[in-house]
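A.B. asks: Would you be able to build a 3D model of this:
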Amino acid sequence: MEKTTVLDLDSAISTPTSDSAEKKLRRDFRRKGISTALFSGLSYGFYTAFMTLAMSMGIWNVWYGEGSGLSLFATTYLLAAIGAALTDSSSAIWALGIAGVRGRLGDFTRSIRTRPGAIMIASAIIGGPLASTAYVVGLQMAGSIVVPISALCPAIGAVLARVIFKQELTARMMLGIAICFFASVLIGGTAGLDADASPTVMLGIFFGFLAALFWGIEGCVAGYGTSMIDPEIGITIRQVTSGLTNLILLVPIFGFIAGENGTAMVFQALADSQSMPYFIVAGLAAYGAFMFWYKGNAMCGAPLGMACNGTFSFWGPLCCWLVLGIAFGIAGWTMAPIAWVAAIIMVFGIFVIAMNPMDLFKKDNNQ
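C.D. replies: Numbering: from 1, shown residues only. Model prediction:
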């Protein structure tokens, strides 16, 4: 009888300790997931900054110059498509290289032939060539103020999910969407306050909205695919599809419309020693942005991961200001103070869409 009592006592002592260790492990894992997802937003900011920097030097200065002979269509759309193609292709090479080093190229080729792989390819076509090109056009026309505008993609994705997939749209989510759109209106209304603002700033903001729409559609379509494929492989499929579609389809089509040889211009850009190193850096940052986002989603949950990634509405303008404005002295990469406030408001709105922000301050007894 005494032996049984001792065993029961040991059990009573060890069980709470074991549970506490498990809860601590889960909390630490979740915190690491939040940090990873937040880092994806920062990576996205550097992707934006270095891609824009690359398109401001070397052969790009010639193309954007008055004596280039390129039409307005070419300088607006063809060059944006080439810039997006080079960045996404660089990102695809990084993804394939990392997968190869980790011995996962076989997983990549097998996943492409599956239904989730096909869904990832379809979403990449929407979010790659279309969204990326619109995003680059917006950046060239309006500067970093386009970044928080494009961050509307979670809000647009939530609306589209309701319309297309009949997913629930709660009062809290509608409040978050309203906050995001209020912030975007605030940003648009202050666009002309900066003395260095481009005269095409409002058209640039429109293309930022267009990028947000395409990325919102991509988020809806890719949801199923990313739930069935490892994030590392899913990102590789996404970046390879986006890079190839840009190079093989979008650039030649825009080149034909503009009366230019888009493929030859791609090779000219590849041979440019001034800009290509920055495209390579931008490609690595783009890979990190998507990889850390998907990995963070898996660790802390998709809603919280999406909200943390949405902080690029703040990190994007900050990175552009630091890299382009401060480090390289390029004018036009500052924002009015109220626009910075609006960017932070949009971050809050994204959190409201994704989750109840008060849950972050509650102690979860299940974790």
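A.B. asks: Quick one: mean pLDDT over stretch 282-300.
C.D. replies: What stretch 282-300 shows for mean pLDDT is 83.
A.B. asks: Make 4 the first number, not 1, from now on.
C.D. replies: Sure, I'll start counting at 4 from here, so that last one is stretch 285-303.
A.B. asks: Report the buried residues of that stretch.
C.D. replies: The neighbour-count check on stretch 285-303 (16 or more other CB atoms under 10 Å) flags 285-303 as buried. Yep, even glycine has a C-beta here, placed from its N, CA and C like the rest.
A.B. asks: now stretch 87-102
C.D. replies: Those would be 87-99, 101-102, for stretch 87-102 by 16+ other CB under 10 Å.
A.B. asks: following the worst-scoring helix or strand of the chain on mean pLDDT, which helix or strand comes up?
C.D. replies: Every helix and strand in the chain was compared by mean pLDDT, DSSP states H and E; the lowest is helix 305-312, with a mean of 67. Using DSSP states H and E, the helix or strand that follows helix 305-312 in sequence is helix 315-323.
A.B. asks: for the stretch 104-253 of the chain, which spans come out with low pLDDT?
C.D. replies: Residue ranges of the stretch 104-253 of the chain with pLDDT under 70: 168-170, 191-201, 225-230.
A.B. asks: And the helices in the stretch 54-203 of the chain?
C.D. replies: 62-67, 75-76, 82-104, 108-115, 118-128, 134-145, 149-153, 156-168, 174-192 (DSSP state H, counting those that start in this stretch).
A.B. asks: Mean confidence (pLDDT) on the first one, please.
C.D. replies: Just to be clear, that refers to helix 62-67. Rounded mean pLDDT across helix 62-67 is 96.
A.B. asks: Who are the packing partners of it?
C.D. replies: Judged by 3 or more CB pairs under 8 Å, 6 or more residues apart in numbering; DSSP states H and E, the packing partners of helix 62-67 are helix 82-104, helix 265-273.
A.B. asks: Going by neighbour count, list what's buried in that helix.
C.D. replies: Result for helix 62-67 [16+ other CB under 10 Å]: buried residues Ile62, Trp63, Trp66.
A.B. asks: List the residues that contact the second one.
C.D. replies: By CB atoms under 8 Å, 6 or more residues apart in numbering, the residues touching Trp63 are Ala57, Leu82, Gly86, Ala272, Asp275, Ser278.
A.B. asks: returning to that earlier point: now for the helices and strands packed on helix 62-67, which one comes closest to Val188?
C.D. replies: Smallest distance to Val188 across the helices and strands packed on helix 62-67 (CB to CB): 25.1 Å, for helix 82-104.
A.B. asks: tilt between that closest one and helix 265-273?
C.D. replies: Between helix 82-104 and helix 265-273, the angle comes out at 70 degrees (axes from the mean of the first three to the mean of the last three CA atoms, to 10 degrees).
A.B. asks: Let's see helix 82-104 as CSV, backbone CA atoms only.
C.D. replies: Extracted C-alpha coordinates of helix 82-104, given in CSV (Å, rounded to 0.1, in the frame of the first residue of the first chain):
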residue,chain,number,x,y,z
LEU,A,82,10.9,47.8,-68.3
ALA,A,83,8.7,46.9,-65.3
ALA,A,84,8.1,43.4,-66.7
ILE,A,85,11.9,43.0,-67.3
GLY,A,86,12.7,44.2,-63.7
ALA,A,87,10.1,41.8,-62.2
ALA,A,88,11.4,38.9,-64.5
LEU,A,89,15.0,39.4,-63.4
THR,A,90,14.1,39.6,-59.7
ASP,A,91,11.8,36.5,-59.8
SER,A,92,14.3,34.6,-61.9
SER,A,93,17.1,35.4,-59.5
SER,A,94,14.8,34.3,-56.7
ALA,A,95,14.0,31.0,-58.5
ILE,A,96,17.7,30.3,-58.9
TRP,A,97,18.2,30.9,-55.2
ALA,A,98,15.3,28.6,-54.4
LEU,A,99,16.6,25.8,-56.8
GLY,A,100,20.1,26.1,-55.4
ILE,A,101,19.0,25.9,-51.8
ALA,A,102,16.7,22.9,-52.6
GLY,A,103,19.6,21.3,-54.4
VAL,A,104,22.0,21.8,-51.5
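A.B. asks: got the angle between it and helix 118-128?
C.D. replies: 150 degrees.
A.B. asks: Which secondary structure elements does helix 82-104 sit against?
C.D. replies: Using 3+ CB pairs under 8 Å, 6+ apart, helix 82-104 sits against helix 5-57, helix 62-67, helix 108-115, helix 134-145, helix 234-248, helix 254-261, helix 265-273, helix 279-303.
A.B. asks: Does Phe317 touch Val350 like I think?
C.D. replies: Yes: under the criterion of CB atoms under 8 Å, Phe317 makes contact with Val350 at 5.7 Å.
A.B. asks: Closest one of the buried residues of stretch 87-102 to Gly48?
C.D. replies: Distances from Gly48 to the buried residues of stretch 87-102, taken by CB to CB, are shortest for Thr90, at 14.1 Å.
A.B. asks: From Ile129, how far out is the closest one?
C.D. replies: 17 Å (CB to CB, to the nearest Å).
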